[in-house]
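> quick check, what structure comes out for this input:
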Amino acid sequence: MSDDDYLVGLIKEFRTTDLERRVEIASKILAEIDVELRLFIFGLITLVSQRDVFQETQIAIFTSLKTFKGNTRKQFLAWCRTIARRKASDERRKQGFIRMEPFPLEDGLEFVMEPIDPSEPLTADKKLDLEYALNLLDKSKPDCRELLWNYYVIGMDYDELAEQLALKYDGVRMRIVRCLQSAQGLL
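Below you'll find the model as predicted:
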């Protein structure tokens, strides 16, 4: 069974089962999207609010799951990211935060690397790679930081980024190329 089939199957079962079984299925769905959702929220909001936004996003996902109309894991993650983006925007408006402050590496890494299953922590080499990438992003211009984060870490595609930024596909593609050229100068 593919990842798509498994996740979509869980979503369908969640919609049609009793409350007790929904709790069990919700845990499985969260385990499937936990890392992607944490990384996305980490790039959206300051450390102070990350856990709150993460929790509010999870609640919103499950209270509105009946409105999800996709058929793939990619569509579900895009739908979840939209919810997370709205929750982060609400939090920023409430707190008056700047869109994206420099990454707070020490505490931020703790949030990103916080596993849903404590028996499977990230390996030391993965932590080192992530820390190196975050340091590089931290030195980038804020607009490049966000674009590269969303494309390479979150895995958003050109179409999704174009919609978010109100740009055309080629505009996003060229911005990513320019940001990469700029980041190469930081190496």
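> ranges for the strands of the chain?
Remark: no strands are assigned in the chain by DSSP state E.
> pull the helix or strand with minimum mean pLDDT from it.
Between all helices and strands in the chain, the lowest mean by mean pLDDT, DSSP states H and E belongs to helix 105-112, at a mean of 49.
> nearest residue to the middle of the chain?
In the chain, the residue lying closest to the centroid (Cα atoms, centre = their mean) is residue 40, at 2.1 Å.
> the closest residue to it other than its chain neighbours: what's it in contact with?
The shortest distance from residue 40 to any non-neighbouring residue, by Cβ to Cβ, 6 or more residues apart in numbering, is to residue 154 (4.9 Å). No exception for glycine: its C-beta is placed from N, CA and C like everyone else's. Residue 154 makes contact with 36, 39-40, 43, 81, according to Cβ atoms under 8 Å, 6 or more residues apart in numbering.
> check the gap between residue 154 and residue 33 for me.
Separation of residue 154 from residue 33 (Cβ to Cβ, to the nearest Å): 12 Å.
> what of residue 48?
From residue 48 across to residue 33, the span is 23 Å (Cβ to Cβ).
> these two: which is more packed in?
Just comparing residue 48 and residue 33: by other Cβ atoms under 10 Å the higher neighbour count belongs to residue 33, 20 against 12.
> confidence score at the more buried one?
Residue 33 is assigned a pLDDT of 87 by the prediction.
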